[in-house]
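Peer 1: Everything below, folded, please.
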Amino acid sequence: MLRRVHAGSTEGAAVSSTVVAVRGGETWQPAVVPRPAATVIVVRDGPHPTAPLEVLMLQRDHRVDFVGGAHVFPGGGVDPGDGGPGTERLCVGLGDEAASATLGVASAGLAYWVAAVRECFEESGLLFASRADGRPISFADPGVAERLAAQRAALNARERSFLEVCESEGLVLAVGALHYFAHWITPEGSPRRYDTRFFVARAPEGQSPAHDVGEMVADLWVRPSDALERYRAGEMELILPTIENLQAIAQFPTAQELLDSASAAGEVPTVLPRMVVDAGGVRLLLPGDPGYDAPDGPGGPGGSVEIDFEAAVRIASRAASTQRTQRTSAAPVAGGGRRRRG
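Peer 2: Sure thing, here's the model as predicted:
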């Protein structure tokens with residue numbers, strides 16, 4: 001698939017390193033294909049007497065190249081090593097056939113669960129795993145905590161693979177503890193796109209989170225409603241998928257009620273926000289929003305307007321937070337500007 005990125009003269013204009021064709025004075029390049037990704041929403045019950053559900057959130061370093069400073073859930077791209085027989089034989093509670101059927105893919109669905117477990121370990125230090133004999137992993141043993149911290153550092157430094165870590169420690173992955181919850185795809189127009197499966201899971205007992213100091217600067221347990229209030233007050237930065245998922249889990253007072261609901265859920269809908277460029281600026285629309293299904297007009301997705309995608313995400317996220325009852329995320333981006341890396 002090709003998309004238009006610039007209109008006008010093509011003389012000496014390499015508007016993109018991925019330019020593949022020139023048609024009628026317009027330069028075209030391949031559309032960005034979303035990369036498979038997995039995110040885990042880790043929850044626990046806190047001290048609040050009536051609604052104790054808390055969620056683990058990590059704050060991204062302000063220096064990262066996209067939505068720096070935002071609070072997110074642990075997650076990232078699915079790596080080749082997350083799938084295959086070597087990894088699958090270490091998984092308990094779920095097989096590839098059932099995982100693939102749950103996600104609606106032909107095969108290799110289990111790799112999303114493994115990626116979620118791996119990313120959670122890399123970014124938060126929490127490990128959904130046990131010994132081969134079923135004994136849980138506990139950080140109460142200083143020797144275990146120190147050894148796993150060293151394994152995590154080697155994993156983050158790409159000195160060891162996750163499979164090597166599990167095999168050397170005699171671990172099996174508790175993928176059955178993760179329940180499929182949501183599916184989001186980054187809208188067209190972003191220079192970096194992800195096809196992300198979200199999972200929910202109760203925090204492993206006997207473990208405490210410790211954020212990765214490479215891309216993260218903080219970790220905290222927070223009630224979903226409190227996180228949303230802090231965002232509206234300007235005390236916490238969130239982005240659209242995080243806001244929507246916080247709103248969804250905030251409906252459940254306890255971790256068990258959330259997990260029971262996720263476990264019993266049927267088909268999970270795919271959410272593909274749509275970027276629209278018109279006289280009002282740049283807007284991100286969710287399925288069901290007015291104008292989401294309208295045909296592309298001039299300057300629509302694939303048009304000739306250069307988009308500051310990060311600005312679009314931040315402003316659309318603010319609108320989603322303040323208009324939750326209407327479930328709309330439409331908001332104009334003032335100005336325009338050049339597309340940023342992200």
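
Peer 1: which residues touch the residue lying closest to H211 once chain neighbours are set aside?
Peer 2: Distances taken as Cβ to Cβ, 6 or more residues apart in numbering place D219 nearest to H211, at 4.0 Å, with adjacent residues excluded. All C-beta spots, glycine's among them, are computed from the backbone N, C-alpha and C. With contact taken as Cβ atoms under 8 Å, 6 or more residues apart in numbering, D219 is in contact with 56-59, 124, 209-211.

Peer 1: ok, 10 Å please
Peer 2: By Cβ atoms under 10 Å, 6 or more residues apart in numbering, the residues touching D219 are 56-59, 71, 74, 123-126, 208-212.

Peer 1: in a strand, that's where D219 is, yeah?
Peer 2: Yes. If the criterion is DSSP: H, G, I helix; E, B strand; the rest coil, then D219 is within a strand.

Peer 1: Show the subsequent helix or strand relative to the helix or strand hosting L228.
Peer 2: Per DSSP states H and E: L228 is located in helix 224-232. As assigned by DSSP H and E, the chain's next helix or strand after helix 224-232 is helix 240-249.

Peer 1: Can you pull the domain assignment for the chain?
Peer 2: 1-31, 35-269, 273-342 (automatic domain parsing).

Peer 1: The residue nearest to H211 and E235, how far apart?
Peer 2: Look at D219 and E235: by Cβ to Cβ, to the nearest Å, they are 16 Å apart.

Peer 1: Repeat that for T50.
Peer 2: Using Cβ to Cβ, T50 is found at 23 Å from E235.

Peer 1: Of the two, give the one with the bigger neighbour count.
Peer 2: More crowded of T50 and E235, by other Cβ atoms under 10 Å: E235, with 9 against 6.

Peer 1: Which parts of the stretch 201-342 of the chain are strands?
Peer 2: 216-222, 270-271, 274-278, 281-285 (DSSP state E, counting those that start in this stretch).

Peer 1: rewinding a little: with only the CA atoms kept, save the helix holding L228 in CSV.
Peer 2: Extracted in CSV, the C-alpha atoms of helix 224-232 (Å, rounded to 0.1, in the frame of the first residue of the first chain):
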residue,chain,number,x,y,z
PRO,A,224,-7.5,4.3,37.9
SER,A,225,-9.9,7.1,38.8
ASP,A,226,-7.2,8.9,40.6
ALA,A,227,-4.8,8.7,37.6
LEU,A,228,-7.5,10.1,35.4
GLU,A,229,-8.2,12.9,37.9
ARG,A,230,-4.5,13.7,38.1
TYR,A,231,-4.3,13.8,34.3
ARG,A,232,-7.2,16.3,34.1
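
Peer 1: Going by residue numbers, what spans are strands in the stretch 51-200 of the chain?
Peer 2: Here the stretch 51-200 of the chain has its strands, by DSSP E, counting those that start in this stretch, at 53-60, 71-72, 75-77, 129-131, 171-173, 179-185, 194-202.

Peer 1: Kindly provide the distance from the most centrally placed residue in the chain to A154.
Peer 2: Centroid-nearest residue in the chain: T39, 4.8 Å away (criterion: Cα atoms, centre = their mean). According to Cβ to Cβ, T39 stands 23 Å off from A154.

Peer 1: A51 now?
Peer 2: Going from A51 to A154 by Cβ to Cβ gives 39 Å.

Peer 1: list the contacts for the residue lying closest to G104 once chain neighbours are set aside?
Peer 2: Leaving aside its chain neighbours, G104 sits nearest to E267 (7.7 Å; criterion: Cβ to Cβ, 6+ apart). Listed by Cβ under 10 Å, 6+ apart, the contact set of E267 reads 102, 104, 183.

Peer 1: these two touch, right, the last one and P287?
Peer 2: When you say that, I think you mean H183. No. Using Cβ atoms under 10 Å, H183 makes no contact with P287, being 11.7 Å away.

Peer 1: So between the two, which is more surrounded?
Peer 2: Per other Cβ under 10 Å, whichever of H183 and P287 has more neighbours is H183, with 17 against 13.

Peer 1: Compute the distance between that one and E97, please.
Peer 2: H183 is 19 Å from E97, where distance means Cβ to Cβ.

Peer 1: same question, A218
Peer 2: For A218, the distance to E97 (Cβ to Cβ) stands at 39 Å.

Peer 1: Check G206 too.
Peer 2: Going from G206 to E97 by Cβ to Cβ gives 31 Å.

Peer 1: ok, now V55?
Peer 2: From V55 across to E97, the span is 30 Å (Cβ to Cβ).

Peer 1: Show me where this structure has its helices.
Peer 2: Ranges of helices in the chain, per DSSP state H, are 85-88, 96-103, 110-124, 142-156, 162-169, 224-232, 240-249, 255-264, 309-322.

Peer 1: For A132, find the nearest of the ones you listed.
Peer 2: Shortest separation from A132 across the helices of the chain is recorded for helix 162-169, at 9.9 Å, computed as Cβ to Cβ.

Peer 1: The closest one: which residues count as buried?
Peer 2: Buried residues in helix 162-169, counted by 16 or more other Cβ atoms under 10 Å: 162-163, 165-166, 169.
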